[in-house]
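**Q** structure, please.
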Amino acid sequence: MNHLELIKKVEWKDLKSLSIKEMLIENNISLPWLIISLFLAYKNYYWAALPFSGFYFLTALRQVHNGFHNSLGTGKFLTWLSLYLNSMSMMTSIHAVKFNHIRHHKFCLSEEDYEGKSASMKWYEAILYGPKHMFLIHWITFKKANKNYRKNMILELISISVFVMIVFYFRINFLLYHIAVMFFGEFLMAFFAVWTVHHDTHENPNIARTQRGFWKNKLTFSMFYHMEHHLFPAVPTIKLPKLAERIDQVLPELNKRQTF
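**A** Numbers count the residues shown, from 1 in each chain. From the prediction side, this is the model:
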């Protein structure tokens, strides 16, 4: 069964809308983790700050990912602002990531899918590929994106550069820590955000890997419901557990490859 047949069998359109509570969660889910990580780093508790920084990176990725698909429940400007501010805090142009992610859905694991290049690698190759992956994301945006994407990317890269220069000039140690951890997270994106959910799925790319298990999905903030996301990209992350239940009920015979 291909992904188009799957889509016809599962009710999903009612899951697109968000309540006010759900909208507030999706738009602010990363904020507590950022505040706690920065506070602990400010107090020089860097090792204690590290897991909170990791959860910040993961939840910020969830937030911008919903923004890519206009699933934050907010208007155009607030979605843009979310992507811009998270670019500043995540140390990469999120609009460049968005451009390549939309292409990833359109050309999934084909030659034109630059985001998905690491899916065909071995796990350790995907880790080593990380820095090149981040460079390529920006380069492809510069070469192939329209004027609006390029303008947003340049604005974000300039803003990041100014922020980094200020932090280095004034030697703001807790922000130096944050910058270093965010760059490290970005270099692992080719492994965690691509390889883990797409390796060995080239025969049917839109049937990506997924994750079952209550605690696994709680600890990863539902970010590994990737099959569900590829089949129904308009569904916000907060609704993916419900979507997964529906898929399991309607298509129990579907071979769901686990992420981990």
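**Q** what segments of the stretch 1-150 of the chain are helices?
**A** 3-9, 20-28, 31-42, 46-68, 76-90, 94-106, 123-128, 130-144, 147-170 (DSSP state H, counting those that start in this stretch).
**Q** mean pLDDT lowest where, among those helices?
**A** Ranked on mean pLDDT, the bottom entry among the helices of the stretch 1-150 of the chain is helix 3-9, at a mean of 74.
**Q** how about stretch 204-221: buried residues?
**A** For stretch 204-221, the buried set under the neighbour-count rule, 16 or more other CB atoms under 10 Å, comprises 205, 206, 207, 208, 209, 210, 211, 217, 220, 221. C-beta coordinates here come from the backbone N, C-alpha and C atoms, glycine included.
**Q** my bad, should have said stretch 106-122
**A** Quick answer for stretch 106-122 (16+ other CB under 10 Å): 108, 109, 113, 114, 115, 116, 117, 118, 119, 121.
**Q** can you check stretch 76-93 too?
**A** 79, 82, 83, 84, 85, 86, 87, 89, 90, 91, 92, 93.
**Q** and of the residues you listed, the nearest to residue 145?
**A** Among these, residue 93 lies closest to residue 145 (CB to CB), at 10.6 Å.
**Q** returning to what we had before: save the helices of the stretch 1-150 of the chain as JSON lines, and put in distance to residue 234 too.
**A** Shown next, in JSON lines, are the helices of the stretch 1-150 of the chain (distance: least, CB to CB, whole Å):
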{"stretch": "helix 3-9", "distance to residue 234": "11"}
{"stretch": "helix 20-28", "distance to residue 234": "14"}
{"stretch": "helix 31-42", "distance to residue 234": "24"}
{"stretch": "helix 46-68", "distance to residue 234": "10"}
{"stretch": "helix 76-90", "distance to residue 234": "14"}
{"stretch": "helix 94-106", "distance to residue 234": "11"}
{"stretch": "helix 123-128", "distance to residue 234": "28"}
{"stretch": "helix 130-144", "distance to residue 234": "23"}
{"stretch": "helix 147-170", "distance to residue 234": "20"}
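**Q** looking at those helices, spot the one closest to residue 260.
**A** helix 123-128 (11.0 Å).
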